[in-house]
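>>> give me coordinates for this.
(2 chains)
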Amino acid sequence: MEPVRRVGWLHLPLWLTYVFLYVPIAVLVVMSFNASKTPFTWKGFSTRWYGELLQDDLIRQGFINTMIVAVGATVIATSLGTLLAIGLNRYFRSALLEAYALTPAIIPDLALAIGLLALFALVGVTLGLHTVLLAHVVFGMAFVAAVVLARLGHADPSLEEASRDLGAGPVSTFFRITVPTLMPAIVAGALLVFTLSLDEFVIAFFTDGPSTPTLPIVIYSMVRFGVTPEINALAALLLLVSFTIVISAQRITKLTDAL
Amino acid sequence: MTETEPALLSLAHLTKSFGDTRAVDDVSLDIRANEFFALLGPSGCGKTTLLRSIAGFEQPDSGSITMPGQDGKPDVDLRALPPERRPINLMFQSYALFPHMSVEKNVAYGLERERLGKSEVRSRVGEVLDTVGLTDKAKARPAQLSGGQRQRVALARAIVKRPRLLLLDEPLSALDRKVRAEMQLELKRLQHEVGITFVVVTHDQEEAMSMADRIAVMHDGRVQQVDTPVDLYQRPANTFVADFIGSSNAFQGTRQPAGVDVPGLGLLPGLPGGDGTGEAAVLVVRPEDMQVVDADRAVLTGEVLDTQFFGGRSTIAVAVPGHAAPVTATQQGTADVVRGARVHLAWLPDKGVVLRAQE
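Residues are numbered from 1 along each chain as shown, chains lettered A, B, ... in the order given. Below is the predicted model of the structure:
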């Protein structure tokens, strides 16, 4: 590595950048422990809002709904996205087909949401968690396929041939060689889908039924009547969940890389 | 490796095209049991496609790949079998070690596919790691090994299956020069020790010459000549082989009973004369057969352009009037002529090889 050049005055813009990035999050976490009912005045430390949060049936149900969608979408999108990437890499070397596979990840959420709603209406499906799940699988698959395709791009195709040569059939080769060598990318893709699904609002808002709101929709309807300290506590908890997942997933990928 | 050794693998009229290119063009070959066989040729000559067809990773357009049956059993048609069911193993050019498995897991992989007992797998893995000298690296990951060690793991993984035939795709190309020389000897030793027939693909003629019992020289998808290293060198079948194996002096002319008549140089001695007198021919003389002689025995006369010293031997480049390329002669030790000197060159008639000219 090149030695870092010392430029004293550049420290100032650097730290300003970090302040800009992290002060809102710090304020959120601090205010979630505020004893005051109004969110903008400090009245001493309290964990009251965390307690109230756990009592709130609406939020608890929203959290359960969100977890159902996030876990389901992660499992389905990761499996299908991985298969899609392997199939594209092995049998259809086409830049156009690859681009079409990845498009759902980059088209505006709003367009995807309206399109899905129109489709569901056309087919006559009742809206509910299952339609949100399907919708999240659509963009989730695209993210997983993108990550796995990138890894396949610099994978050694002779690994699978070596496995066949040593006496393993195609199925055994897939599970013992193909999947393990792609595991870091598969885990990274799964993680991406889970975190995206966890706080996805626009698509869920369009494709969800009225009786099964996901957590972002619950929060949205609460915030319409003003930000309460309870929301701060909830946001702080979500932050904790995201951090935990990202860090543990990083550990796992490092582990599988080392294995 | 006598002529009577039975064929282990027979290729007959094998052809494989990619689009308009014939990668393998009507190749027929017999590989004999227990020999060290090399497929030698420049890149793009079809040698790797041929190897991959034998292993089962390319489907030939036509022709057959068979293993003659032993003890009265019928021949085995390899084309009907998928790669995992052929009694053949391939060592890949990239080695293709499984990165998520330790050295011993890599080596055990093929045995576990045969559903052998745990203790037998363990003892055979231990044995083969001992043979390649990697017992202390059994728990290491491929990423922690040097190039030479990876090559040994790849070899161990292939021979632990005790295949009847081991194919090696450019086995030494990923190694640096010094390790490569060591591994050449090592491969030869192993081949004798484990008693498996080896087929090596290489573009390096020195590698093929030093290791193989027999060599097939390939060019443009076709086999040009199959012979022992010595015969390839001394009796090349055509100008491509003469040019590709070692260095040589080539003179174009017309065939005569006693050699080749070269315009401007006269009749140059060579064998075989006789047949096809008058047709276009090329006379090939190896530099070490080109001698500096007295004026009365001179076949060619010219002026020394340059001398190069290579340690044990020296090469003299001589400009001969009437011949475009400099004629080279190799001498033991240091050259006894100086630049600008006038020298006379000659060779024994049986050291001049007369070949039909190719366009």
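>>> any idea how far the residue lying farthest from the centre of chain B lies from chain A?
For chain B, the residue at maximal distance from the C-alpha centroid (CA atoms, centre = their mean) is B:Asp296, at 40.6 Å. Counting by CB to the nearest CB, to the nearest Å, the separation of B:Asp296 from chain A is 62 Å. C-beta here means a position set from N, CA and C on the backbone, and glycine is covered the same way.
>>> quick one, what contacts that residue?
Listed by CB atoms under 8 Å, 6 or more residues apart in numbering or on different chains, B:Asp296 has no contact partners.
>>> residues of chain B that sit close to chain A?
Applying CB under 8 Å from any CB of the partner chain, we find that chain B lies next to chain A at B:55-57, B:82-85, B:88-90, B:92-94, B:96, B:98-100, B:109-110, B:113-114, B:141, B:157, B:161.
>>> which residues are contacting the lengthiest helix in chain B?
Longest helix in chain B, counting residues (DSSP state H): helix B:177-194. Residues from elsewhere that reach helix B:177-194 (CB under 8 Å, 6+ apart): B:36, B:131-132, B:147-148, B:151-152, B:155, B:159, B:162, B:168, B:171-172, B:175, B:198, B:200, B:207, B:210-211.
>>> if we go to 6 Å?
The contact list for helix B:177-194 (CB atoms under 6 Å, 6 or more residues apart in numbering or on different chains) reads B:Phe36, B:Gly148, B:Ile159, B:Leu172, B:Phe198, B:Ser210, B:Met211.
>>> and which of those is nearest chain A?
Chain A has its nearest neighbour among those in B:Ile159, at 11.5 Å by CB to the nearest CB.
>>> give me the distance between the residue lying closest to that closest one once chain neighbours are set aside and B:Val132.
Excluding the flanking residues, the one nearest B:Ile159 by CB to CB, 6 or more residues apart in numbering or on different chains is B:Val194, at 5.4 Å. Going from B:Val194 to B:Val132 by CB to CB, to the nearest Å gives 10 Å.
>>> can you check B:Gln70 too?
Relative to B:Val132, B:Gln70 is positioned 28 Å away (CB to CB).
>>> which one's more surrounded, these two?
Using other CB atoms under 10 Å in any protein chain shown, the more surrounded residue of B:Gln70 and B:Val132 is B:Val132, with 21 against 12.
>>> what's the closest non-adjacent residue to the more buried one?
Closest to B:Val132 by CB to CB, 6+ apart is B:Arg152, at 4.1 Å.
>>> just A:Ser36 next, same as before
Distances taken as CB to CB, 6+ apart place A:Lys43 nearest to A:Ser36, at 3.7 Å, with adjacent residues excluded.
>>> now do the buried residues in stretch B:256-263.
Counting neighbours by 16 or more other CB atoms under 10 Å in any protein chain shown, one finds that the buried residues in stretch B:256-263 are B:Gln256, B:Gly259, B:Val260, B:Asp261, B:Val262.
>>> from those, which ones fall inside helices?
Among those, no member is found in helices (DSSP H).
>>> and which of those residues is nearest B:Gly352?
The shortest approach to B:Gly352 among the buried residues of stretch B:256-263 belongs to B:Gly259, at 6.1 Å (CB to CB).
>>> where does the stretch 51-200 of chain B dip in pLDDT?
Within the stretch 51-200 of chain B, no stretch has pLDDT under 70.
>>> no more questions from me, cheers.
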